[in-house]
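**Q** can you look at this prediction? I've put the sequence above it.
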Amino acid sequence: MHSGVEATAYLVNESRARRPDLSQDPFAGAWIPDQERPAVRGLWNKYAEVTYEHDDLVVSLRGRYIADTLAAQLRKDPDTVLVSCGAGFSSYPWLLPFAAALEADLPVMAEAKRDRAAELTAAGVLPERDVRHLPVDLNDAAARAELSSLVREWADGRPVAYVAEGVVFYLPARTARAVTTLGATFGTCAVSAVSYWPAASAGSQVLADQRDWFRSRSVPEEASFLTHDELVTLFGTEIEDRGPEDLQRRYLDRVIVSEAGLIPEYVAVAWT
Ligand SMILES: C[S@@+](CC[C@H](N)C(=O)[O-])C[C@H]1O[C@@H](n2cnc3c(N)ncnc32)[C@H](O)[C@@H]1O
């Protein structure tokens, strides 16, 4: 397992794997080979001790909402292709019948995902899908521009669904904004789903506790925050914007844990 920001991909994978009822991701448990799963569970347990014990709830709900959004786009246009930045071990290309998908992440993660996807496909665990795994540092403006031109060529006029889940808050403010709106540079983006931390939550105790854990795992502590109005301006359109309490009401009919006790992760969806 990796240290640094890539470790967060393992952490949130474990969160989805713990709540398949909520995440509706039957592949989450398969991404990590059995022999590595105890270490990932240990990582999660330590995180739960230091930060909060409900990451399974927050991560499963955000992923469920994004999957529902992507499914709605596919119902509108089955030719839609998927682009996911900071894809980690998310399963959207295998959960939904995308004609093709392109996943970008830091080099070690892109490679780990490519290798494991090939193994799981060969074993018949994952369905056959046309997925490209690209090593990209989203902090690098030239790499983002290259990714955009690659997507334009690859999508070839097909509508693109763009996902940036659990990643923009790790990026410096300007980059976070550029990655939030990266979909607009693809030319045919139909929907963007981006998760973010609202500026109003910058003083959250859970985020403060998370910074302690980040320090212990060599994850940069700096975080970027956004506001609803900023997102509306960035996307140039009204957005759907749902926080962890909204998502609990939506999928559990009630709020089990109030937002003050959770990582305040919101999902903004812009239909363009
Ligand atoms: C919390 S994980 C989320 C993974 C996935 N989207 C999910 O929800 O399961 C954050 C992901 O962002 C990736 N990431 C962080 N900084 C990045 C950067 N500068 N460029 C590309 N990917 C990055 C990490 O490697 C990791 O896979």
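**A** Structure's in. What do you need?
**Q** pretty sure H133 sits in a strand.
**A** Yes - assigned with DSSP: H, G, I helix; E, B strand; the rest coil, H133 falls within a strand.
**Q** partner residues bridging it?
**A** For H133, the beta-bridge partners are E103 (DSSP bridges).
**Q** pLDDT score for the nearest residue to D212 once chain neighbours are set aside?
**A** In space, and not counting its chain neighbours, D212 is closest to V50: 5.7 Å by CB to CB, 6 or more residues apart in numbering. C-beta coordinates here come from the backbone N, C-alpha and C atoms, glycine included. We have a pLDDT of 95 for V50.
**Q** I figured V50 hits A208, correct?
**A** No - checked against CB atoms under 8 Å, the pair V50 and A208 is beyond contact range at 10.9 Å.
**Q** name the SS class of the residue in the stretch 1-150 of the chain that the ligand sits nearest to, please.
**A** Closest contact between the stretch 1-150 of the chain and the ligand, by CB to the nearest ligand atom, is at G88 (2.4 Å). When classified by three-state DSSP, G88 comes out as coil.
**Q** neighbours around it, how many?
**A** 22 (other CB atoms under 10 Å).
**Q** need phi/psi at the residue lying closest to it once chain neighbours are set aside.
**A** Using CB to CB, 6+ apart and skipping the chain neighbours, the partner closest in space to G88 is A9 (3.3 Å). Note on A9: backbone dihedrals following degrees, to the nearest 10 are phi -70, psi -40.
**Q** would you agree A9 is in contact with M109?
**A** Yes - at 5.7 Å, A9 counts as touching M109 under the criterion of CB under 8 Å.
**Q** joint contacts of these two?
**A** G88 (CB atoms under 8 Å, 6 or more residues apart in numbering).
**Q** residue numbers of the stretch 151-272 of the chain in contact with the ligand?
**A** Proximity of the stretch 151-272 of the chain to the ligand, by CB under 6 Å from any ligand atom, involves residues E165, G166, V167, Y170.
**Q** kindly reformat these as JSON lines containing neighbour count and secondary structure.
**A** JSON lines is the format used below for those (neighbours: other CB atoms under 10 Å; DSSP: H, G, I helix; E, B strand; the rest coil):
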{"residue": "E165", "neighbour count": "24", "secondary structure": "coil"}
{"residue": "G166", "neighbour count": "25", "secondary structure": "coil"}
{"residue": "V167", "neighbour count": "25", "secondary structure": "coil"}
{"residue": "Y170", "neighbour count": "21", "secondary structure": "helix"}
